[in-house]
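> got a predicted structure plus its sequence, pasted below:
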Amino acid sequence: MDNLPIILCVDDEAIILDSLKQTLYDKFQDEVVIETAQSAKEALEFINFLQGRDEQLTLIISDYLMPDMKGDALLKEVQAVSPNTVKILLTGQADTEAIIRTINEANLFRYIEKPWDSTDLLLSVRSALESYAQDEQIAIQEQIIALSKKNVSLELRLEQRTLEVKEKNDKIEAATRYAARIQRALLASEQRIKQSIKDIFVIYEPNYLISGCFYWFEHTPDDKRILIAGEVHLGDIPGAFVATKLIMLLNRIVRERKITTPLEILQQLRSDFATIWRQQQNFTDNIIVEVAVCCICPKMQMIQIVNTGLPVLLFKNKIVSDLDDYQKTIKNSSKASSKSDLAYYEVPMQEELRIYLYSKSCIEFYEKKKPKMADSFYTAFDQLQTIDFKKQKQSILHFFENLKNKKTHAEDIMFIGVEPKCMQEPTNEDIKALPI
């Protein structure tokens, strides 16, 4: 098929299938070939047809609820016959445990809630195509390396030792990729958060081998906007494993147990995590988890913040404000933490109020590598307040780009900014204006 990437859309409802195909065609047009199937059986037959012509399916986008065979079962079948195909699941039922099982058994790349948001869908498809192309390139490079090794005569002991080290590294890398996939699937997209908080931006650039930063969001039935950011420090163990467990615990605490008070959320998170982590064979006391819970309460016209060490900056009227001025005493309770690192604040909502949460590790890294530029971080923040909030994301990205090493950065970068003055729902025009 002209060597273009092939996308297969699967849905038993013809109207939805046509809409999905048109959405993809309007964006990608001549970049890809788009095919459709109205059943799992038809989809598998098409994949078999491609393989008969020595062609591979690049991406499959499948609905979840279909007769005869559900979408998750179809993707498991696709994984068996075409493991390199990238898989996206469309579902109206956001079951975290079921999604994780599909990630594990079908190598799910992303799940998207129905009805889908076109911007979020197109972003996911673009990422899927890039992921497939990158994996193909890696596979070719690995084949070249494998062929080169056959032509090189090495001393047997050295070769054995090299293979042992490579096997160990491959296992670590595979485990890290697995945790990163789960984490990526569970993180809320900026597009989804903007449906509840109009003026917010998220910068999330994890280091591939660390991925210790995470964020989480929920718009509760009592109209609270709960934004949580965290950072995990765990020595040589990839932080993505711990971050993923924390995200799953937050889902249970807020969505299932209906706990929506910031202080109770953080206390329960600490308690549940300590219980789970001590059950692990590789338990260590060296783990450090820094978390900030920011709860925007429009009904109370109040922002509640609970913090255990993650940096939080507050600006009022474009001037930095001391968060300690809003600190409240934590009343004793059966669940109250005796740790002195836990602080609670109540900030009244005002017109010129901006809040920023960011990972501490990236700033500490730059302080070691480029102290003068790191010192300018807070000065740059003051200057940032002269810029319209909607333009700040690009300015911050540019700042971090200047600090990065030319080849890679050694720490995660997570930066979240919110201007909570206006809590009305964003318009369709606001959402469509987001870049794809």
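Perfect, thanks for sending it.
> and Val10, what does it touch?
When contacts are counted by Cβ atoms under 8 Å, 6 or more residues apart in numbering, Val10 touches 17, 36-40, 42-43, 60-63, 66, 71, 74. Backbone N, C-alpha and C define where each C-beta goes, glycine included.
> buried ones from the residues you listed, can you make that a ChimeraX selection?
A single ChimeraX command selects the buried members of those (16 or more other Cβ atoms under 10 Å):
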select :17,36,37,39,40,43,60,61,62,63,66,71,74
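> out of the contacts of Val10, which is nearest to Ile6?
Ile60 (9.4 Å; Cβ to Cβ).
> check which helix or strand Ile182 maps to.
If you go by DSSP states H and E, Ile182 is part of helix 156-186.
> give me the next element, helix or strand, following that helix.
Immediately after helix 156-186, counting by DSSP H and E, sits helix 190-194.
> for that next one, buried residues please.
Glu190, Gln191, Ile193, Lys194.
> circling back to that earlier point, now the helix holding Ile182: average pLDDT?
Averaged over helix 156-186, pLDDT sits at 73.
> now do the helices in the protein.
14-28, 40-52, 71-81, 96-106, 118-150, 156-186, 190-194, 239-250, 262-277, 360-369, 371-384, 392-403, 428-432 (DSSP state H).
> dump the residue contacts of Ile34.
Ile7, Cys9, Lys21, Leu24, Tyr25, Phe28.
> show me what it is bridged to.
Following DSSP bridges, Ile34 is listed with bridge partners Ile7.
> break this protein into its domains for me.
Per automatic domain parsing, the domain ranges recorded for the chain read 6-130, 187-432.
> can you redo the buried residues of helix 190-194 as TSV with distance to Asp272?
Shown next, in TSV, are those (distance: Cβ to Cβ, whole Å):
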residue	distance to Asp272
Glu190	27
Gln191	29
Ile193	24
Lys194	29
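> pick the one among those closest to Phe201.
Glu190 (6.8 Å).
> what's the closest non-adjacent residue to the closest one?
Val202 (4.5 Å; Cβ to Cβ, 6 or more residues apart in numbering).
> how close does the one you found get to Leu353?
18 Å (Cβ to Cβ, to the nearest Å).
> higher neighbour count, the two?
Val202 (22 against 18; other Cβ atoms under 10 Å).
> pLDDT score for the residue nearest to Arg181 when sequence neighbours are not counted?
Using Cβ to Cβ, 6+ apart and skipping the chain neighbours, the partner closest in space to Arg181 is Ile103 (5.9 Å). pLDDT recorded at Ile103 is 82.
> going forward, the N-terminal residue is numbered 498.
Sure thing, new numbering starts at 498, so read that last one as Ile600.
> Ile600 and Arg681: what is the separation?
9 Å.
> more crowded one of the two?
Set Ile600 next to Arg681 and count neighbours by other Cβ under 10 Å: Ile600 wins out with 21 against 17.
> contact partners for the more buried one?
Contacts of Ile600 (Cβ under 8 Å, 6+ apart): Arg678, Ile679, Ala682.
> was I right about Arg747 contacting Leu766?
To be clear, residue 747 is Leu; Arg isn't right here. Yes - between Leu747 and Leu766 there is a contact at 6.6 Å, judged by Cβ atoms under 8 Å.
> quick one: Pro759 from Ser516, how far?
40 Å.
> quick one: which of these two has more around it?
Ranked by neighbour count (other Cβ under 10 Å), Pro759 and Ser516 place Pro759 first, with 24 against 16.
> didn't the more buried one look like it was pressed against Ile793?
No - counting by Cβ under 8 Å, Pro759 stays clear of Ile793, with 10.4 Å between them.
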